[in-house]
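Generate coordinates for the sequence data below:
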Amino acid sequence: MPHDQSLHLLCHPWEVQTAVHVRRTWNRPARVQMDPVLAPTEPWEGGSVIVWGTAHRDPASGQLQLWYEAWNPGRGRAVPLDTLVCYATSRDGVTWDKPDLGIYAWNGSRANNICWMMRGTGPWNYLDSPRVLIDPAAPAARRYRMVIYARARPSRRHAFFVLTSADGVHWTWRDEPFLTESGDRFHCIYDDRRGEYWLTSRRAHLSRDYAAQPRRLGIRSIARWRSPNLRDWSAPDQLLQPDDADPPDAEFYSMYPMTAGAGYLGYLEFYDRFVERLHTELVVSRGGDAWQRLERTPWLDRGTEGAWDDMWVFPSSNDPLVVGDRMLAPFGGRSTAHSGRRQPMYPPRCSIGLAAFGRDRWAALTAGQDGGEFVTEPIEPTGGRLWLNLDAEFGEVRVAVLGEFDGPIEGLTHDDALPLTHDAVDARVRWRTRDTLADLRGRRVRLHVKAARASVYAFRLD
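Next comes the predicted model:
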């Protein structure tokens with residue numbers, strides 16, 4: 001989802017100047033099917049395939065690619081065979097193929113879909129959270145980049161590394177560690193709004209607190225490092241940490257940030273250590289530095305008791321995959337909790353599911369049968385057409401255009417507006433005598449939306 005200054009999402013509260021008789025309603029994704037779409041079926045996957053990895057949709061072919069972590073720890077088995085990066089492909093996100101890549105041997109055979117494991121990497125013998133970035137403009141040999149967290153056991157050294165690939169399957173190791181005071185769960189993105197890379201993980205030195213004897217007090221929170229090139233990194237910024245409104249044992253396990261419309265969204269993994277449960281919330285930011293938790297309830301929630309995903313749920317480390325009018329969100333689900341100090345749950349069991357929701361439908365301003373209305377903050381039309389993402393199948397929506405400081409513009413009043421009475425992610429807004437705002441370019445205007453029995457998720461001017 002590239003940064004798009006013309007797309008205004010109504011999950012972002014700063015887009016609205018005033019509202020009457022409407023409520024922001026959060027749209028939660030639906031599971032495409034209740035069973036996993038990808039489960040551990042091969043010996044090298046053990047009992048756990050974890051979507052602490054990346055899903056990508058190739059825009060040319062439409063093929064879905066998935067790099068996932070197979071966690072196969074064996075009691076007494078020598079590293080590096082406990083964490084592997086595996087590769088799978090799909091056409092629909094439901095049925096996945098695990099191709100025989102022939103790269104790494106497992107128990108004497110190369111007939112497997114392992115595309116990376118920690119071999120020939122010196123003391124670094126454990127990896128976590130492989131994040132794949134695709135840059136079509138990069139030199140062919142480095143079109144794919146995989147950022148991993150790695151650990152040197154038993155020395156407790158840890159760092160991040162960048163691997164490169166021409167095809168996303170055959171990877172080249174670069175022994176250039178960076179950010180050696182953080183980890184392990186992390187995300188890495190390229191922010192095309194600022195033109196820089198972000199890495200989010202736990203605050204620096206937290207692992208030292210955990211390893212100290214006696215253990216020092218510390219909780220998981222969200223820190224961010226920034227880089228222009230994946231080599232030189234800033235000092236960390238603290239983005240989010242639990243507050244007084246959270247349960248005493250709350251921690252933030254990780255946060256995946258992304259550009260969304262004219263602002264930012266984030267997947268926040270909320271971890272309640274007391275009950276060893278984890279769900280995912282949505283967080284928002286206008287500029288990327290200050291983040292808000294508007295809802296504080298699960299966006300992606302756990303399955304029912306006894307289900308394969310009843311303990312933890314977390315999306316893959318990527319923006320949702322846009323397929324037509326839908327967004328697909330692969331997610332990991334666990335039926336075992338974190339390997340806690342009080343009650344270790346071993347061996348871990350994790351599979352991968354798929355959730356979906358309407359394109360850009362994160363949250364809506366919703367009006368009931370008595371009607372409601374809202375006015376946006378001033379915007380400058382960048383094009384002539386106005387589109388709404390809305391569900392008015394059982395109601396209607398009308399839009400008037402106001403001046404920045406005054407009332408409706410002639411010909412663009414509510415009486416002039418043609419009612420919108422359907423469900424569409426891109427409904428064109430028209431008026432009786434005009435269907436374009438091209439003559440308003442260079443002028444700041446506001447939208448006055450009146451609705452009844454309808455939800456408005458976003459608007460776009462192009």
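
List the contacts of residue 163.
Residues near residue 163 by Cβ atoms under 8 Å, 6 or more residues apart in numbering: 116, 145, 146, 147, 148, 171, 172, 173, 174. Yep, even glycine has a C-beta here, placed from its N, CA and C like the rest.

rerun that using 6 Å as the cut-off
Residue 163 makes contacts with 146, 171, 173, as judged by Cβ atoms under 6 Å, 6 or more residues apart in numbering.

what does residue 328 give?
Going by Cβ under 6 Å, 6+ apart, the list of residues near residue 328 reads 93, 321, 356.

Okay, and the beta partners of residue 260?
residue 263 (DSSP bridges).

coming back round to it: need the contacts of residue 163 in a markdown table with distance to residue 268, can you?
As requested, the contacts of residue 163 are exported to a markdown table (distance: Cβ to Cβ, whole Å):
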| residue | distance to residue 268 |
| --- | --- |
| 146 | 24 |
| 171 | 30 |
| 173 | 32 |
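
Neighbours of residue 101, how many?
The tally of other residues near residue 101 (other Cβ atoms under 10 Å) stands at 16.

same thing with residue 453?
Neighbours of residue 453 (other Cβ under 10 Å): 18.

got JSON lines for the contacts of residue 328, with pLDDT and distance to residue 20 too?
JSON lines is the format used below for the contacts of residue 328 (pLDDT from 0 to 100; distance: Cβ to Cβ, whole Å):
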{"residue": "93", "pLDDT": "96", "distance to residue 20": "40"}
{"residue": "321", "pLDDT": "97", "distance to residue 20": "37"}
{"residue": "356", "pLDDT": "98", "distance to residue 20": "33"}
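
Now residue 278. Nearest residue, chain neighbours left out?
The shortest distance from residue 278 to any non-neighbouring residue, by Cβ to Cβ, 6 or more residues apart in numbering, is to residue 312 (4.1 Å).

how deep is that neighbour tucked in, by neighbour count?
Neighbourhood size, residue 312 [other Cβ under 10 Å]: 25.

Just list whatever residues bridge to it.
Bridge pairing for residue 312 - DSSP bridges - gives residue 278, residue 334.

quick one: which of the contacts of residue 163 is nearest residue 192?
Within the contacts of residue 163, the smallest distance to residue 192 is 19.3 Å, found for residue 146 (Cβ to Cβ).

what's the pLDDT at the closest one?
According to the prediction, residue 146 has pLDDT 98.

Contacts only, for it.
Residue 146 sits next to 130, 132, 163 when contact means Cβ under 6 Å, 6+ apart.

let's go with 10 Å and repeat that
53-54, 67, 85, 115-116, 127, 130-133, 161-165, 168, 171-172, 188 (Cβ atoms under 10 Å, 6 or more residues apart in numbering).

next one: residue 457
Residues near residue 457 by Cβ under 10 Å, 6+ apart: 9-11, 25, 27, 358-366, 388-391, 425.

could you redo the last one with a cut-off of 8 Å?
9-11, 27, 358, 360-364, 389-391, 425.

so of those residues, which ones are in strands?
9, 358, 363, 364, 389, 390, 391, 425 (DSSP state E).

Name the SS class of residue 226, please.
Under DSSP: H, G, I helix; E, B strand; the rest coil, the three-state class of residue 226 is strand.

ok, now residue 190?
Applying three-state DSSP: residue 190 is strand.

neighbours of it, just the number please.
Using other Cβ under 10 Å, residue 190 is surrounded by 17 other residues.

That one touches residue 133, doesn't it?
Yes: counting by Cβ atoms under 8 Å, residue 190 does reach residue 133; the two are 6.1 Å apart.

distance between the lowest-mean-pLDDT helix or strand in the chain and the chain's centre?
In the chain, the helix or strand scored least confidently by mean pLDDT, DSSP states H and E is helix 206-211, which has a mean of 71. Distance, stretch centre to chain centre, for helix 206-211: 27 Å (Cα atoms, centre = their mean, to the nearest Å).

Not counting sequence-adjacent ones, nearest residue to residue 324?
residue 359 (7.7 Å).

hang on, the earlier thing: can I get the buried part of the contacts of residue 146 as one ChimeraX selection?
Here is the ChimeraX command that selects the buried residues among the contacts of residue 146 (16 or more other Cβ atoms under 10 Å):
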select :53,54,67,85,115,116,127,130,131,132,133,161,162,163,164,165,168,171,188
